[in-house]
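Here is a sequence together with a model predicted from it:
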Amino acid sequence: MTEKKLTFSAKEHLKSRKEISRIFTNGIFLYSDFIILKYLPGEHQKMHKLAVSVPKRLFKSAVIRNKLKRRIRESYRLNKYILYDYSEKSKVFFNFLVIYKHKEILPYQKIEEHLVILLNKLIEQA
RNA sequence: GCAGUCGGUCAUUCUGUCGCUGUUUUGAACUCAUUUAAGACAGAGGAAAGUCCGGACAACACAGAGCAUUGUACUUCCUGACGGAAGAUACUCGUGAGGGUAUAGUAACGAAGAAGAAAAUAACCGCCCUGAACUUGUUUCGGGGUAAGGGUGAGAAGGUGAAUUAAGAACUCAUCGGUAUUGAAGGUGACUUUAAUAACCGUUCGUCUUACAAGUUGCAAUCUCAUGUAUAUCAGCAUUUAAGGGUUGCUCGUCCGAUGCUGAGGGGUAGAGAGCGAAGAUAAAUGACAGAUUAAAACAGAAUCCGGCUUACGGACCGACUGCUUUU
RNA sequence: GGUCCGGUAGUUCAGUUUGGUUAGAAUACAUGCCUGUCACGCAUGGGGUCGCGAGUUCAAGUCUCGUCCGGACCG
């Protein structure tokens, strides 16, 4: 896909409660040092869908949790072309969760780095 | 100049690139719903927090009366209510500007561990008077008086002095502190100042009395739609009966029953919408990067809304005031 | 988002209603006895700023306020 679109609108958010609980129970894990990624191939959809989560146990403050979620979303927005390039050929789209794991607040560059690693792993496995 | 107190205002700003949410305009696709492109406008806080109060709003309950329960309690003013502003008195922290806490009534009743003789009808030691005994003494055993002295304790019979006495008390006199009554002055008022009377005098807590207020649950309330199925609830009729249940915790009062048949009716589960807003979603929107201002920073993120209280907080500015130091 | 509950020895809990002399119990731990030795049993002992900070009071685990942490329920 041409990288003209770097959007991440509400349609690409994973919203269905059912779908999320299905991924939580049956999803396939991918680990890095700071981030967990869980995914399942989606049915009857023409885009990838993403949900971001930062556990309340790691950070009590809502401000920090929001900040980390925004950093993850931003890094996905700028790097989702990796997945779309793959889907050009295979026509498979995914639903997946990204869960923050580390106990410290990481800067944007590190989050982006790790997310890219995980996305490449995902493509290798699929 | 340094340090500080009180009150108020603000809570970085700007530029560029890429993006997010809502409303709206125009164009395109389309029968509509809707999708999509471009533009415009709006887009977290002083505490959004804690959920400590009050209210709006919603559902349910409710004939009424009394008692009980819970909460509040100085004054004036403001407020729909919580509460706030300005004061009063007492205690307390600070050198000071100032800060904090408490506040109805006392007629009646009750309680106060340990320690201590005794916790309110006070004689353990001591002090004073006196009887007896003998070992004639700074002795022993009795009788009586006495709250001046003693240790305990948060608190010991308002404090101090004089006079009096065997020692003392009471009474008396003087003075100081508090309470009460009366008068005068000031204040809207709580109250303050002052004079007189000579009546009263330990501390704390509870019960009690008076006045006012209080139904329950909460937007995950509640309502609508679609999917979809068995039996809550209500009404009528028939039969039978007085034990029990509901209504506010109790009493009075008051209402209701059980079984069968017929009819009406729509529980639970998952989803969408309304509730819901000129910020406003329903996995939940304000971001990322670069540059400038010396540094970009504190506490912290709306979820039905509004008013307060409390707690967290780097810094900047304005006004009033206090202490110290230097100079004039 | 809303409504509630709890925090006490290493652990599990009493005690808080009605403030009072030295905060208890079980278990775990230590020492001794018992036994050839261990366990069981018996005896003794140590271990607590009652989550934290203020206030009321003569006196606070207990009452009041604030704060931190943990947990439950409500579609």
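That came through fine. Residues are numbered from 1 along each chain as shown, chains lettered A, B, ... in the order given.

what's A:Leu30 sitting at in phi/psi?
phi -140, psi 130 (degrees, to the nearest 10).

repeat for the one 5 residues further on
According to degrees, to the nearest 10, the main-chain angles of A:Ile35 amount to phi -140, psi 140.

Where does pLDDT dip in chain A?
Across chain A, the ranges flagged by pLDDT under 70 are A:1-6, A:15-17, A:42-45, A:126.

Contact residues of it facing RNA strand B?
A:5-11, A:13-15, A:17-18, A:20-21, A:51-53, A:61-63, A:66-67, A:69-71, A:74, A:77, A:107-109 (CB under 7 Å from any atom of the strand). (Each C-beta comes from the backbone N, C-alpha and C, glycine too.)

Which of the residues you listed fall in strands?
Among the residues of chain A next to RNA strand B, DSSP state E puts A:Ala51, A:Val52, A:Ser53 in strands.

Which strand or helix spans the residue nearest to the last one when sequence neighbours are not counted?
What sits nearest to A:Ser53 in space, not counting adjacent residues and going by CB to CB, 6 or more residues apart in numbering, is A:Ile99, at 4.8 Å. When elements are defined using DSSP states H and E, A:Ile99 is found to belong to strand A:94-100.

by contact count, what packs against that strand?
If you count contacts as 3 or more CB pairs under 8 Å, 6 or more residues apart in numbering; DSSP states H and E, strand A:94-100 packs onto helix A:17-26, strand A:35-41, strand A:49-53, helix A:62-79, helix A:108-125.

quick one: strands adjacent to that strand?
strand A:35-41 (antiparallel), strand A:49-53 (parallel) (DSSP bridges).

how about a markdown table for these, with distance to A:Tyr84 and mean neighbour count added?
Formatted as a markdown table, those follow (distance: least, CB to CB, whole Å; neighbours: other CB atoms under 10 Å):
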| stretch | distance to A:Tyr84 | mean neighbour count |
| --- | --- | --- |
| strand A:35-41 | 15 | 18 |
| strand A:49-53 | 13 | 18 |
